[in-house]
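Participant: Generate coordinates for the sequence data below:
(one chain, ligands or ions: 1)
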Amino acid sequence: MIIKSIHIKKNWMICISLLILIIFLSSTLTFYFTQNQIPSVEVNSDSKEDYIKWVDFTIPCYVLKLTSKLDIDSHNNNESVTYNWIELLAYLACIYGGNFKSFHSSDLDKIIENLKSGKTMEELTSTLTFYDYYLEAYTAVLGGFIGNYTIETINENNEKVFENRYGLKAFLPIAKNYYFTHYKDFGNSRSYGFKRTHLGNDLMGSIGTPIIAVESGIVEQLGWNQYGGWRIGIRSFDGKRYYYYAHLRKDHPYVESLEKGDTVKAGDVIGYLGMTGYSIKENVNNINVAHLHFGMQLIFDESQVDSPNEIWIDVYEIIEFLRSNTSEVYLSNEETKDYSRKYDFLEDTLID
Ligand SMILES: [Zn+2]
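Facilitator: Residues are numbered from 1 along each chain as shown. Purely as a prediction, here's the structure:
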């Protein structure tokens, strides 16, 4: 009897173990496929679930530079064929299956040649299954970076004048003439609180460095967060990008009077670099090295906000790309020790 019951117990144990293994394997596989399908778009267009679930952003800075230059120059020189850098990038992504390690400038030259010869992007991409996916994904990432804007500048008589331009209108999050270092740290593991991955890029600099709004938008989050410390979350006007600026300075994290719901302009000073965070208690410096944690979340559907399905992209190459457009600042308020941008900025989205 005893032997029999041990046998039954043993069989039961094997059954339960197998069941657990099957559940574990199937959930892992489901997770893997939903995260790694390239690209992972729902096929059923009638479904409410028809929005992009995942984006890997791996475009190197030099490809961003090449394509943006083609776009900007063709517009500024009033060329007969103008290029849209996001379309060019989406086309290239189709050639490489999203992996830009295979990038060859001759592929880009070929596309340009075809466009110059009179072919339209629509014709060239009609057979590329994933073109629409890449176009939508990259538009979500880069949609606010290039376009028309008006910026204050100094003319030959040393007067401040407004100038209309077409070009890069997104700014580096670190003010002009302030030093910072960074490395490829997206996806590194973090252990404070719970085991998780690093969903941004850390820009190491000195405490008090003015932090700049990369793109214009609405302040959606402002205040203390256990992980990010004093942080600011800004949503782009098209709703697709959520910029996250964290670990801001103790005692004076934000530029004076900045509040949730405010509109900020690309290039505005929004706060100051610090080392707050990793604490439930507010205004605590628990970060070892002073830095700005900069992150970008993509939102294709509002259900993705504050859910396990958030899409954060690697912004390392974007930071490198934005080095060419920095916002100059000055100490504008001796009393509050606040800084402001030196040259004002306007864009269409801010006017209407
Ligand atoms: Zn970080």
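
Participant: Please tell me how far the residue of the stretch 251-352 of the chain found nearest the ion sits from residue 321.
Facilitator: Per CB to the ion, residue 293 is where the stretch 251-352 of the chain lies closest to the ion, at 3.3 Å. Quick note: C-beta positions are derived from backbone N, CA and C, even for glycine. Using CB to CB, to the nearest Å, one gets 19 Å for the distance from residue 293 to residue 321.

Participant: rewinding a little: ok, the residue of the stretch 251-352 of the chain closest to the ion - contacts?
Facilitator: 200-202, 228, 244-247 (CB atoms under 8 Å, 6 or more residues apart in numbering).

Participant: sec struct for it, please.
Facilitator: strand (DSSP: H, G, I helix; E, B strand; the rest coil).

Participant: Quick check: bridge partners of it?
Facilitator: residue 202, residue 246 (DSSP bridges).

Participant: now swap in the one 5 residues further on and tell me
Facilitator: Listed by DSSP bridges, the beta-bridge partners for residue 298 are residue 241, residue 311.

Participant: which ones are touching it?
Facilitator: Residue 298 neighbours (CB under 8 Å, 6+ apart): 52, 55, 137, 140-141, 240-242, 304, 311-313.

Participant: Most neighbours of all these, which one?
Facilitator: With neighbours taken as other CB atoms under 10 Å, the top of these is residue 137, carrying 28 neighbours.

Participant: contacting residues for the residue nearest to residue 174 when sequence neighbours are not counted?
Facilitator: With CB to CB, 6 or more residues apart in numbering as the criterion, residue 174 has its nearest non-adjacent residue at 4.9 Å, and that residue is residue 180. Applying CB under 8 Å, 6+ apart to residue 180 gives the contacts 174, 203-205, 209, 292.

Participant: do that again at 10 Å, thanks
Facilitator: 172-174, 202-206, 209, 273, 291-292, 319, 323 (CB atoms under 10 Å, 6 or more residues apart in numbering).

Participant: Kindly report the same for residue 125.
Facilitator: Residue 125 neighbours (CB under 10 Å, 6+ apart): 87, 90-91, 94, 111, 131-132, 134-135.

Participant: Write a ChimeraX command that selects only the buried members of these.
Facilitator: Applying 16 or more other CB atoms under 10 Å to those, the buried members can be selected in ChimeraX as follows:
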select :87,90,91,94,111,131,134,135
